[in-house]
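In: Sharing a sequence plus its predicted fold:
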Amino acid sequence: MIGKIPGLLIRSDKRRLSAVTIMITITTLFITVGAGVANAGQRPRAEIRTTAAGRWVAAAHGVIPAGSKTQVVQGWRNGQGSCSFLVRDTLAQGQRSLQRQSLSYNLTSCQARMAVWTASTAVSSPRNTSGLTRGGTLPASPSAAAHHSGSLLQPLAVSSSSGYVDTHTSDRFGIWVNEVKNTVNWTWDRTCVDGDSGSYYYWWLSNDGWQLEGNNWNNGYSCSAAQSSSYAHFYNYPFCGGTDVYYNRNVVDGWYNGRLTDSVGWSLGEYCTALLTGPWISLVRTR
């Protein structure tokens, strides 16, 4: 049964020389808290500028396509002294890929500017080949409500689909430092889902001090949707006086009507925001 999914946390541990907390949370059930989506006449750029409402801190790297849109996501002040944000993206049947990247943050007004665009291919992964990986694939486990019977007079047409959500964090030079990817494969007939399999993949830049501290993976389906969901905790002591990155959780859902969705929420503090960039979220349909 598909449950609530908490998210991705980037934190400088107080025990390790810094009192910073940067948290990114990935959740299954939430609403999009975005506002002010507009077509970008020119390529969105990362920026650092001071306004009456506070200072905007750049959070982008790489090339943002000229056809992208800029979305201002309004967050809120949480009980940990930082800002929290929630977004959600969907690919309808036939849509290939949707990309989302943070451009800048205003930690005074709790706002985030994000570039959002569709693409015909997935974003390439500029990983360092010396990094370490972990992954696995298993058949999906059904919930009690997963099975159904169609009409004997009008058999339901069954389709098979697959896709993934890939979320990563980078340094200021655009080098990926860690990544979590979840894949879902499912069959559907517009009334219910029969799960096939799901998989997870973790990567971290081990030669730069990053290590995998902990992880778990959930894989299952109900009549409404099939889901692959991961928790992963990465840690780097030399970086920013000790930095944790929690993906808690990274979630992708394949639905009874062929839709593919992801759910991403995150929170961030004030200091290490200028040293790590992201999140960069790729929602991709592979079949």
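Out: Looks like it came in fine.

In: Show me the strands in the stretch 151-287 of the chain, by range?
Out: For the stretch 151-287 of the chain, strands defined by DSSP state E, counting those that start in this stretch occupy the ranges 159-171, 176-188, 193-204, 211-221, 225-236, 243-255, 260-268, 276-285.

In: got the buried residues for stretch 183-190?
Out: Neighbour-count burial for stretch 183-190, counted by 16 or more other CB atoms under 10 Å, picks out T183, V184, N185, W186, T187, W188, D189. C-beta coordinates here come from the backbone N, C-alpha and C atoms, glycine included.

In: how about low-confidence regions in the stretch 1-150 of the chain?
Out: Along the stretch 1-150 of the chain, the model assigns pLDDT under 70 to residues 1-54, 60-62, 80-82, 121-130, 143-150.

In: I figured T167 was touching R249, is that so?
Out: No - contact status for T167 versus R249: not in contact, 10.3 Å apart, counting by CB atoms under 8 Å.

In: related to what we said a few turns ago, quick one: which of the strands of the stretch 151-287 of the chain is nearest S102?
Out: Checking the strands of the stretch 151-287 of the chain against S102 by CB to CB gives strand 276-285 as the closest, at 6.1 Å.

In: average pLDDT for the closest one?
Out: The average pLDDT for strand 276-285 rounds to 87.

In: what lines up beside it in the sheet?
Out: strand 97-106 (antiparallel), strand 159-171 (antiparallel) (DSSP bridges).

In: mind putting the ones you listed in a markdown table, distance to S199 included?
Out: Below are these laid out as a markdown table (distance: least, CB to CB, whole Å):
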| stretch | distance to S199 |
| --- | --- |
| strand 97-106 | 18 |
| strand 159-171 | 8 |
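
In: Redo those strands as CSV? Include mean neighbour count.
Out: Shown next, in CSV, are these (neighbours: other CB atoms under 10 Å):
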stretch, mean neighbour count
strand 97-106, 22
strand 159-171, 22
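
In: Nearest approach to W204 belongs to which of those?
Out: That would be strand 159-171 among the strands paired with strand 276-285, by CB to CB, at 9.9 Å.

In: Quick check: mean pLDDT of that closest one?
Out: Strand 159-171 shows a mean pLDDT of 91.

In: Verify the stated contact: S161 with R285.
Out: Yes - using CB under 8 Å, S161 is in contact with R285, at 7.0 Å.

In: Common neighbours of these two, please.
Out: Both S161 and R285 are in contact with L260, where contact means CB atoms under 8 Å, 6 or more residues apart in numbering.

In: Just name the closest of the buried residues of stretch 183-190 to H233, please.
Out: Taking CB to CB as the measure, H233 lies nearest T183 of these, at 20.5 Å.

In: List the buried residues of stretch 74-89.
Out: Quick answer for stretch 74-89 (16+ other CB under 10 Å): G75, S82, C83, S84, F85, L86, V87, R88, D89.

In: Put the alpha carbons of that stretch into CSV.
Out: The C-alpha coordinates for stretch 74-89 follow below in CSV (Å, rounded to 0.1, in the frame of the first residue of the first chain):
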residue,chain,number,x,y,z
GLN,A,74,6.4,30.0,-2.5
GLY,A,75,7.6,28.1,0.6
TRP,A,76,7.0,28.6,4.3
ARG,A,77,9.1,29.0,7.4
ASN,A,78,9.3,25.7,9.2
GLY,A,79,10.0,25.0,12.9
GLN,A,80,13.7,24.4,12.3
GLY,A,81,14.5,27.9,11.3
SER,A,82,14.7,27.2,7.6
CYS,A,83,12.4,27.3,4.5
SER,A,84,10.4,24.3,3.2
PHE,A,85,9.1,23.9,-0.4
LEU,A,86,6.9,21.4,-2.2
VAL,A,87,6.5,20.6,-5.9
ARG,A,88,5.0,17.9,-8.0
ASP,A,89,5.3,16.9,-11.7
